[in-house]
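K.L.:
output the structure for:
(2 chains)
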2 protein chains.
Amino acid sequence: MSADASTTTLSVDLGERSYPIHIGVGLLGDSQWLSPYLAGRQVMVVTNEVVAPLYLERFKQGLPKDCEVREVVLPDGEHTKSLTSVSLIWDALLQAGFNRRCTLIALGGGVIGDMTGYAAACYQRGVAFIQVPTTLLSQVDSSVGGKTGINHPLGKNMIGAFWQPKAVLIDTNTLVTLPPRELSAGLAEVIKYGLIRDAAFLAWLEANVAALRALDSDALRHAILESCALKAAIVAEDETEQGVRALLNLGHTFGHAIEAHQGYGAWLHGEAVGTGMLMAAELSRRLEWLSKTQVERVARLLDAAGLPLAAPANMSTSDFLARMRLDKKNIDSKLRLILLRHLGDACLTDQAPPELLERLLDDFPRD
Amino acid sequence: MSADASTTTLSVDLGERSYPIHIGVGLLGDSQWLSPYLAGRQVMVVTNEVVAPLYLERFKQGLPKDCEVREVVLPDGEHTKSLTSVSLIWDALLQAGFNRRCTLIALGGGVIGDMTGYAAACYQRGVAFIQVPTTLLSQVDSSVGGKTGINHPLGKNMIGAFWQPKAVLIDTNTLVTLPPRELSAGLAEVIKYGLIRDAAFLAWLEANVAALRALDSDALRHAILESCALKAAIVAEDETEQGVRALLNLGHTFGHAIEAHQGYGAWLHGEAVGTGMLMAAELSRRLEWLSKTQVERVARLLDAAGLPLAAPANMSTSDFLARMRLDKKNIDSKLRLILLRHLGDACLTDQAPPELLERLLDDFPRD
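P.N.:
Residues are numbered from 1 along each chain as shown, chains lettered A, B, ... in the order given. Below you'll find the model as predicted:
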């Protein structure tokens, strides 16, 4: 980890596939952060209709002048994360005659990042890929770890690949244009890192959540750096999700069920994960791993971050169970969950009795 | 490499991703060859309408009795190797509720193998995959090396992934039902291994090509073993095709151009590669790397294998050049080709002058 006045660089250590995450103010449009990571002259920028008018031109000014630059501008939203959109990217690459030394750049949030990464992973069996995440959620989550993919009508992220970027550029200035609701959704993932692995960071968040919502740039840089460092450490331990990496899915089994049931995009991913983490905390309390006070701390922090504390009113216990059975963590149809042994210490377990889970789902507040 | 009376096993050495290739008579339907490689109880067999009536039931008898077995039966032919077909496999997996411990099995030729492998590579970001190739071409080529993928209207194999099988089972009995034209197409790839790397094997082929076409089982086993061993050695040196592995594409740049121009399936892949190898040999002669006599040896062996010696009548020099420019081996628009320094010694080069290539394309016989 190195730092100067305005930019911090974190190195994700994955042997041959190691890559840097640069975090700072004003990185967009500054070519020193891009040039070293381009595989060749052919560059395809993938972005969406919301981000393009805000940042595409400035971003392109940061590309070397001799690049052959093409762009794909997709619609905004989770429903865009489909095989149809990925096909559009592949069509554009082939129509441009781009070869395997081309570079794909994802300029946007998690949907753009996941989809562009997947397009890069499979174009000519794998080409270079750079992430430029412009939302807090993608900065702390989907831009780190090499998970790429798309949704299927029968499940979220069901089609994808592990594919590492050559670099990640995080310009915290892009958060100025982020809707407050999306900032809160991003904070859910930041809180997650504290909950699963770092009690001290959790306490720092309780003290600084207001500064983060007010876009204090030092607070943002610290929160993003800590989040990326925690995630990078876990990913480095377990690149293909055989063990400890599963902990990063705290709140996700419940959260994915909410997202899928409500229709992707109705709840933001981070909102669903936030409520999912509270459900996981409450289930942990029913296993007598957490105290009532500790669950209240979690609820208070989520609330201060502007996140919902109740599940959707129209979602029954059996709605949850039906969706949760499709979860990728399950093995031979046994339901496995990430729960909290303590605040700052998560574990993957199949030990929660099904009836305890059902009672939690019956009792958990609906909005 | 180990052997008993009826079965030879070759180990492809790729560290954690190493896998065995079992070659023998009557392996289909014998569970000892499958059980050790299944990731769990969920098994999806992917095959096509030609292979299913011949071998599907016998194959399923070789699966452990407690497996949950589903099947996808696709149309036959290269045009099936599309994103649409892969989507059908993904739909079937999700409809069956299969999780990441499931196993995909490709029962069929190269199209089924490439497509099933790609479906496995991307389902839930990667699940287990077993190849049971039933054509000579897929036995010696597409079942070895971890290349998976599908075609795009603008290019062959443009979308795909590197994904290794857990095992490859080759039952040479399946060649009894293979049309002679497809056997010849498979022999083109066998001859390729001799041409690029092994002059002694090339001489063995000249002496045994008639026995191979007559389906002599000892000759077949030797040819498949040598081919797989040569390919496995090259793949082990260079898993992701950065260097020596590119040599396996001898004849393919010309061959892909023929396939794409004629419409996939009009020429068999092996037929196009056979003619492509003769074009590469003739271009090598024009560089004064091969003698006229050596090129004639190549032509005679291809002819004895039942392969075409002329390019399509309706394909002009500019038709070839337009298609060849899209080749994945090109770097920043410079055309690179695999040529022969000697018989048994291929190299990747961008040294053939464009005008020499054009003259070859002008002069090469059309049918």
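K.L.:
low-scoring stretches of chain A, by residue?
P.N.:
Counting by pLDDT under 70, the low-confidence segments of chain A come to A:1-5, A:239-242, A:264, A:327-333.
K.L.:
domain parsing for chain A?
P.N.:
Chain A breaks down by automatic domain parsing into domains covering A:2-177, A:180-363.
K.L.:
looking at those domains, which is closest to chain B?
P.N.:
domain A:2-177 (3.9 Å; Cβ to the nearest Cβ). For every residue, glycine as well, the C-beta is placed using N, CA and C.
K.L.:
check whether that closest one comes into contact with chain B.
P.N.:
Yes. Domain A:2-177 lies within reach of chain B by Cβ under 8 Å from any Cβ of the partner chain, at A:40-42, A:83, A:87, A:90-91, A:94-95, A:97, A:99-101, A:118, A:121-126, A:147, A:149, A:152, A:154-155, A:157-162.
K.L.:
leaving out the residues flanking it, which one is nearest to the most far-flung residue of chain A relative to its centre?
P.N.:
Taking Cα atoms, centre = their mean, the residue of chain A most remote from its mean C-alpha position is A:Asp66, at 32.8 Å. Nearest in space to A:Asp66, with sequence neighbours left out and distances taken as Cβ to Cβ, 6 or more residues apart in numbering or on different chains, is A:Arg41 at 6.1 Å.
K.L.:
what count of nearby residues applies to the one you found?
P.N.:
A:Arg41 has 16 neighbouring residues, counting by other Cβ atoms under 10 Å in any protein chain shown.
K.L.:
helix/strand/coil for A:Leu63?
P.N.:
Classification of A:Leu63 by DSSP: H, G, I helix; E, B strand; the rest coil places it in coil.
K.L.:
ok, it - how many residues close by?
P.N.:
Applying other Cβ under 10 Å, we find 18 residues neighbouring A:Leu63.
K.L.:
likewise for the one 5 residues further on?
P.N.:
The criterion is other Cβ under 10 Å. On that basis, A:Glu68 has 15 neighbouring residues.
K.L.:
got a list of what it touches?
P.N.:
A:Glu68 makes contacts with A:41-43, A:96, as judged by Cβ atoms under 8 Å, 6 or more residues apart in numbering or on different chains.
K.L.:
just to revisit the earlier point, now the buried members of the residues of domain A:2-177 next to chain B.
P.N.:
The neighbour count (16 or more other Cβ atoms under 10 Å in any protein chain shown) marks A:40-42, A:83, A:90, A:94, A:99-101, A:118, A:121-126, A:147, A:149, A:152, A:155, A:157-162 as buried among the residues of domain A:2-177 next to chain B.
K.L.:
phi, psi for A:Cys102 please.
P.N.:
Dihedral pair for A:Cys102: phi -80, psi 170, per degrees, to the nearest 10.
K.L.:
can you tell me the element A:Leu104 falls in?
P.N.:
Following DSSP states H and E, one finds A:Leu104 within strand A:103-108.
K.L.:
and that strand, what does it pack onto?
P.N.:
When contacts are defined as 3 or more Cβ pairs under 8 Å, 6 or more residues apart in numbering or on different chains; DSSP states H and E, strand A:103-108 sits against strand A:42-48, helix A:110-122, strand A:128-133.
K.L.:
looking at those, which is nearest to A:Ala322?
P.N.:
Among these, helix A:110-122 comes nearest to A:Ala322, with 24.5 Å by Cβ to Cβ.
K.L.:
just the angle for the closest one relative to strand A:103-108, thanks.
P.N.:
Put simply, helix A:110-122 runs at 170 degrees to strand A:103-108, going by axes from the mean of the first three to the mean of the last three Cα atoms, to 10 degrees.
K.L.:
residues of helix A:110-122 that come out buried?
P.N.:
Under 16+ other Cβ under 10 Å, the buried positions of helix A:110-122 are A:110-122.
K.L.:
next: stretch A:162-179.
P.N.:
The neighbour-count check on stretch A:162-179 (16+ other Cβ under 10 Å) flags A:162-175, A:178 as buried.
K.L.:
could you work out the most separated pair of these?
P.N.:
The distance between the two most remote of these (Cβ to Cβ) is 30.1 Å, for A:Phe162 and A:Asn173.
K.L.:
ok, now which ones touch the closest residue to A:Pro133 other than its chain neighbours?
P.N.:
In this structure, A:Pro133 finds its nearest non-sequential neighbour in A:Ser143, 4.1 Å apart by Cβ to Cβ, 6+ apart. Shown in contact with A:Ser143 (Cβ under 8 Å, 6+ apart): A:21, A:110, A:113, A:131, A:133, A:165, A:168, A:170.
K.L.:
quick check: closest non-adjacent residue to the third one.
P.N.:
Spelled out, it's A:Gly113. Leaving aside its sequence neighbours, A:Gly113 sits nearest to A:Ala106 (Cβ to Cβ, 6+ apart; 4.4 Å).
K.L.:
neighbours around the one you found, how many?
P.N.:
Other residues close to A:Ala106 by other Cβ under 10 Å number 31.
K.L.:
tell me the contacts of it?
P.N.:
Taking Cβ under 8 Å, 6+ apart as the test, what A:Ala106 contacts is A:46-47, A:112-113, A:115-117, A:129-133.
K.L.:
what of A:Leu230?
P.N.:
Per Cβ under 8 Å, 6+ apart, neighbours of A:Leu230: A:193, A:197-198, A:201.
K.L.:
of these - the most surrounded one?
P.N.:
A:Tyr193 (26 neighbours).
K.L.:
work out for me the element it sits within.
P.N.:
According to DSSP H and E, A:Tyr193 maps onto helix A:180-197.
K.L.:
any idea how far that helix is from the middle of the chain?
P.N.:
Centroid separation for helix A:180-197 versus its chain: 10 Å, with Cα atoms, centre = their mean, to the nearest Å.
K.L.:
chain neighbours aside, what residue packs nearest to A:Leu205?
P.N.:
Excluding the flanking residues, the one nearest A:Leu205 by Cβ to Cβ, 6+ apart is A:Gly194, at 5.5 Å.
K.L.:
neighbours of the one you found, how many?
P.N.:
Counted with other Cβ under 10 Å, residues neighbouring A:Gly194 total 24.
K.L.:
one step back: dump the strand holding A:Leu104 to PDB, restricted to CA.
P.N.:
The C-alpha trace of strand A:103-108 is given here as PDB (Å, rounded to 0.1, in the frame of the first residue of the first chain):
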ATOM      1  CA  THR A 103      -8.700  -3.800 -23.800                       C
ATOM      2  CA  LEU A 104     -12.300  -3.600 -22.400                       C
ATOM      3  CA  ILE A 105     -12.900  -0.800 -19.900                       C
ATOM      4  CA  ALA A 106     -16.000  -0.700 -17.600                       C
ATOM      5  CA  LEU A 107     -17.000   2.800 -16.800                       C
ATOM      6  CA  GLY A 108     -20.000   2.700 -14.500                       C
END
